[in-house]
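Participant: Structure of the sequence below:
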Amino acid sequence: MKSDITYDLLIIGGGISACVFASKYLKNKNTKKVALIEAGRRLGGRSSTRISKRFKGWKLNHGSPNINIYNRNKNLLLKSYIDELLDNEFIKNDDSELILLGEESDLETNIESEFSFGLNYQSLFSMSQLSQKIIESNNLHDVIDFYFGTLIVDLEFNNKEWILTSNNGDKFKSKYLVCSTNLLLHKRSLKILNINQIPLRKAIPKNKDKTIDLLLNFLNKQSFIPRLTYLIYTNQNYNYKDCYLKKNRYFYLKKNLENKHKFERVIFQLQDDNKLGIVVHSRNIDFFNSYTNTKDEDVFKQKIFTNFNELFEGNSFINQLNFNEKISIMKWRASQPSGCAVPLSLQFSRKYRIGFCGDWFQCEGFGRIEGAILSALILVNKFKI
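Facilitator: A predicted model of the protein is given here:
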């Protein structure tokens, strides 16, 4: 980054909330210099896709596999946007099979969980490509400068200008700032970034702005659910026992099975070449810590395969894995906000020219894609520069 470039607007985070905000805000604005800064390799955030360099040809949605919307008919702003995505053929109704596993593999197909309330929509692309399509929908891709693999570690507000510093020492300057991630606002940043003060608190000292003070107070009470995601790359001949042909198939575990097998949900994803990928989500803290502390990763991987095979032993749909299948493991330190949500009234500080959006706000869809999208749409109407 050249330090002599000053942007009109900087957006931190490349998740779906940031992409929705950028697309809707810039559609009718004359802002000329905009940049989006993302620590990962591509857009998507927790609604992202793993395109493996090691395992060629695989595309696995390793965060949220679809878009779950509960409040569509109650909120006209949200309904209008979902209709827009449908009309643009970015998403479609997700009619994939959802199965709840109970004791002895009892099956229930009419299930309700935090991931299935309301309506589910499936991206017609990968989840990362969906975020990309949202950015491109109003011919905005060339309007925005993208900085991937860039982790912001410090914020400064000086002379009505934001100065951001990355872990590589790059400087970014901007008149206005939007944070779609709350890492730089939350106490977990102290450990993750190995710093002594929360970056936003450092930039805006206490008692300088009531909105910022309240925002940080709420966030101080917010916690996050750590997760492990296991990406299983099956052999060429692996398939279902039955003739199921849809792209996704979802298995959710009742609490007793989750405690036993350490899995929260198992999602099968059919690839373009008809290979069958498997994404397993785990939120078991003990299992999470055992992976973090293990000295023999191969032993841990074998445990995952063993738990999988025990879970689906005798199941009429799912074949067993052999121990030659390939696997990679992703560690999410803060995959989903929980507990205290931040009121939407604290989304924008005009004094400090900063706005916030994401699934960590107090609205329908807290902790899910629905909340990420809705908070971004609401911020667009508040953010006037």
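Participant: Contact partners for the nearest residue to Trp332 once chain neighbours are set aside?
Facilitator: Spatially, and ignoring its direct neighbours in sequence, Trp332 is nearest to Arg227 (4.3 Å; Cβ to Cβ, 6 or more residues apart in numbering). Heads up, the C-betas are built off the backbone N, CA and C, glycines and all. Contacts for Arg227 were tallied using Cβ atoms under 8 Å, 6 or more residues apart in numbering; they are Glu264, His281, Ser282, Arg283, Phe288, Trp332, Ser335, Gln336.
Participant: Can you get me a residue count around the nearest residue to Thr294 once chain neighbours are set aside?
Facilitator: Setting aside the residues directly before and after it, Thr294 is nearest to Phe300 in space (Cβ to Cβ, 6+ apart), at 5.0 Å. Using other Cβ atoms under 10 Å, Phe300 is surrounded by 17 other residues.
Participant: Could you grab the helix/strand/coil label for Phe300?
Facilitator: On the three-state scheme (DSSP: H, G, I helix; E, B strand; the rest coil), Phe300 is labelled helix.
Participant: residue contacts, it?
Facilitator: Neighbours of Phe300 in contact, by Cβ under 8 Å, 6+ apart: Ser290, Tyr291, Thr294, Ile329.
Participant: For Asn75, state which of the residues you listed is nearest.
Facilitator: Ile329 (37.0 Å; Cβ to Cβ).
Participant: Provide the backbone phi and psi angles at that closest one.
Facilitator: phi -120, psi 130 (degrees, to the nearest 10).
Participant: cool, and Ile69?
Facilitator: Torsion angles at Ile69 (phi, psi; degrees, to the nearest 10) stand at phi -120, psi 120.
Participant: Return the distance of the residue nearest to Trp332 relative to Arg42.
Facilitator: 20 Å (Cβ to Cβ, to the nearest Å).
Participant: Show me the helices in the chain, by range?
Facilitator: Secondary structure of the chain, counting by DSSP state H: helices at 16-27, 76-87, 127-136, 188-192, 199-203, 210-220, 255-261, 285-293, 297-311, 369-382.
Participant: Indicate which one of the ones you listed is closest to Asn182.
Facilitator: For Asn182, the closest of these is helix 210-220, at 6.1 Å, according to Cβ to Cβ.
Participant: for the closest one, packing partners?
Facilitator: The contact analysis (3 or more Cβ pairs under 8 Å, 6 or more residues apart in numbering; DSSP states H and E) places helix 210-220 against helix 199-203, strand 348-349.
Participant: how about a cut-off of 10 Å?
Facilitator: Under the contact criterion of 3 or more Cβ pairs under 10 Å, 6 or more residues apart in numbering; DSSP states H and E, helix 210-220 touches helix 199-203, strand 348-349, strand 354-356.
Participant: quick one: average pLDDT of the shortest one?
Facilitator: When you say that, I think you mean strand 348-349. On average, the pLDDT along strand 348-349 is 97.
Participant: strand partners of that strand, parallel vs antiparallel please.
Facilitator: strand 354-356 (antiparallel) (DSSP bridges).
Participant: What are the contacting residues of the strand it pairs with?
Facilitator: Residues from elsewhere that reach strand 354-356, judged by Cβ atoms under 10 Å, 6 or more residues apart in numbering: 9-12, 17, 21, 25, 155, 157, 162, 174, 176-182, 185, 200, 203-204, 209, 211-212, 215, 219, 342, 344, 346-349, 375-376, 379-380, 382-383, 385.
Participant: which residues pair with the closest residue to Lys326 other than its chain neighbours across the strands?
Facilitator: The shortest distance from Lys326 to any non-neighbouring residue, by Cβ to Cβ, 6+ apart, is to Tyr233 (4.1 Å). As for beta bridges, Tyr233 partners with Gly277, Lys326 under DSSP bridges.
Participant: What of Ile67?
Facilitator: On the basis of DSSP bridges, Ile67 is bridged to Tyr121.
Participant: Distance of it relative to Asn93?
Facilitator: Applying Cβ to Cβ to Ile67 and Asn93 gives a distance of 10 Å.
Participant: These two: which is more packed in?
Facilitator: Shown here are Ile67 and Asn93; by other Cβ under 10 Å, Ile67 has more neighbours (24 against 10).
Participant: got the contact list for the more buried one?
Facilitator: By Cβ under 10 Å, 6+ apart, the residues touching Ile67 are 16, 47, 82, 85, 90-91, 94, 119-123, 127, 130, 368-370, 372-373.
Participant: still on that earlier bit, show me which of the contacts of Arg227 is closest to Lys246.
Facilitator: Proximity of these to Lys246 (Cβ to Cβ) peaks at His281, which lies at 19.5 Å.
Participant: and that closest one, how far is that from Cys363?
Facilitator: 24 Å.
Participant: Between the two, which has more neighbouring residues?
Facilitator: His281 (23 against 20).
Participant: my guess is the more buried one meets His261, correct?
Facilitator: No: assessed by Cβ atoms under 10 Å, His281 is found out of contact with His261, at 11.9 Å.
Participant: what's the overlap in contacts for those two?
Facilitator: Taking Cβ under 10 Å, 6+ apart as the criterion, His281 and His261 both touch Leu253.
Participant: is it true that Ser23 touches Ala376?
Facilitator: Yes: the criterion here is Cβ under 10 Å, and Ser23 meets it with Ala376 at 8.9 Å.
Participant: List the residues that are in contact with both of those two.
Facilitator: Tyr81.
Participant: Tell me which of these two has more neighbours.
Facilitator: Shown here are Ser23 and Ala376; by other Cβ under 10 Å, Ala376 has more neighbours (29 against 22).
Participant: what about Asn239, how many residues close to it?
Facilitator: For Asn239, the tally of surrounding residues (other Cβ under 10 Å) stands at 17.
Participant: returning to what we had before: just the buried subset of the contacts of Ile67, please.
Facilitator: Buried by 16 or more other Cβ atoms under 10 Å: 16, 47, 82, 85, 90-91, 94, 120-123, 127, 130, 368-370, 372-373, out of the contacts of Ile67.
Participant: Break the protein into its domains for me.
Facilitator: 6-64+128-221+340-382, 91-124+225-335 (automatic domain parsing).
Participant: Which of those comes out lowest on mean pLDDT?
Facilitator: Of all these, domain 91-124+225-335 carries the lowest average pLDDT, namely a mean of 87.
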